[in-house]
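[1] Got a predicted structure plus its sequence, pasted below:
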Amino acid sequence: MPRQLNGKVLKNKNLQSCYYLLEIYCPWIASRIKPGQFIMLRTSEHPYPLLRRPFSVFYTRGGSSSEGRLAILYKVVGKGTQKMTEWKEGQKINLIGPLGNGFTLPPHSYSSEIILIGGGIGVVSLYLLAERLKGRELYVLIGGKTQEDILCRNEFKKLTSNLLIATEDGSTGFRGTVVDLFSTIKGKFNRGPYYLYSCGPMEMLKDLRRNLSFRMAEKKFVAQVSLEARMGCGFGACWGCVVKTRTPNLSHRVGPDSVGLYQRVCKEGPVFNLEEIVWD
Ligand SMILES: Cc1cc2nc3c(=O)[nH]c(=O)nc-3n(C[C@H](O)[C@H](O)[C@H](O)COP(=O)(O)OP(=O)(O)OC[C@H]3O[C@@H](n4cnc5c(N)ncnc54)[C@H](O)[C@@H]3O)c2cc1C
Ligand code: FES
């Protein structure tokens, strides 16, 4: 069960352009969070912005000890994240977590390559997963609009020698989207099924799905994606974050029948099987 707790800011520093790294002292959540799960942060003590904001956990340190801390990497896009840039070391903040269902890891018997594809800020939710998969054969593909949007490059470098970068303007790495980049190498994955994990904007995930549909029909890939929906409550109460899925969500038939086809990104997600989502 998630808990609402007070944490303490340990570090809040600008990394590059509009991206910040925030470290929070909160042993209870830090020791329980699983790759792909998220937290909701109250960004202001004042009534505005009222709603908490969802963030993936980038990494945790300190294990289950009383030193336990967690980090988020955030992009300043609006009022809430702008407020967060003002947080100082030692400041108390309020958070809820762990929330949602994270990634399902490959079984121990799985020995083939594992592919991680992150677009923009979405790459953050893949790092904790990559740490848990350390020692396996990882391919990590990171994409962004320009080199300023390429995140966590040095961290991933420590985990794999198969790190590939794409920028849409070509300022570093491959010129094109990260899905275009994946297209150039996907031919080498011809046995399968391969585990593939991805997070990024909806358009990118749609593109990935189009790109993979043929290979998925052949059962070459098992793909899990983490969705970035706008959220109200973050724990399943408001139905403000739903996504249409292919299979009925029988455990939540509380409203009209069609509700059964919708799943909450915050509660049943944010991680779903790629094929489970209705993308059109
Ligand atoms: C499960 C999950 C994990 C996330 N992890 C991270 C993370 O690790 N780092 C990070 O920087 N952000 C992450 N986000 C997105 C983050 O929650 C939003 O950027 C944040 O809520 C914006 O708050 P704001 O008050 O600054 O912006 P607002 O003032 O609320 O909005 C500013 C602009 O951003 C757009 N926007 C806001 N939220 C989203 C969203 N979820 N998806 C697409 N567009 C949005 C709005 O449409 C608007 O144009 C995550 C979202 C989800 C659902
Ligand atoms: S944000 Fe309220 S149900 Fe998902």
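    Great, that's in hand. Ligands and ions are numbered 1, 2, ... in the order given.
[2] Now do the phi/psi pair for Arg153.
    Main-chain torsions, Arg153, degrees, to the nearest 10: phi -60, psi -50.
[3] Near ligand 1, which residues of the stretch 151-280 of the chain? Just list them.
    Contacts of the stretch 151-280 of the chain with ligand 1, taken as CB under 6 Å from any ligand atom, map to 228-231, 270. Bear in mind the C-beta positions are built from the backbone N, C-alpha and C, glycine included.
[4] got the contact list for the nearest residue to Phe103 once chain neighbours are set aside?
    Among residues not flanking Phe103 along the chain, Gly36 sits closest, at 4.0 Å (CB to CB, 6 or more residues apart in numbering). Gly36 makes contacts with 56, 100-103, 125, 128-129, 226, 270-271, as judged by CB atoms under 8 Å, 6 or more residues apart in numbering.
[5] Leu141 too?
    Shown in contact with Leu141 (CB under 8 Å, 6+ apart): 115-118, 164-166, 178, 181-182.
[6] so it sits in a helix?
    No - judged by DSSP: H, G, I helix; E, B strand; the rest coil, Leu141 forms no part of a helix; its state is strand.
[7] Who is it paired with across the strands?
    Beta-bridge pairing of Leu141 under DSSP bridges involves Ile117, Leu164.
[8] what's the pLDDT at it?
    Leu141 carries a pLDDT value of 98.
[9] just use 74 as the starting number from now, easier for me
    With the count now opening at 74, the last piece we talked about shows up as Leu214.
[10] Okay, it and Val315: tell me how far apart.
    Going from Leu214 to Val315 by CB to CB, to the nearest Å gives 29 Å.
[11] re the thing from before, max pairwise distance over the residues of the stretch 224-353 of the chain next to ligand 1: which two?
    Arg303 and Pro343 (12.0 Å; CB to CB).
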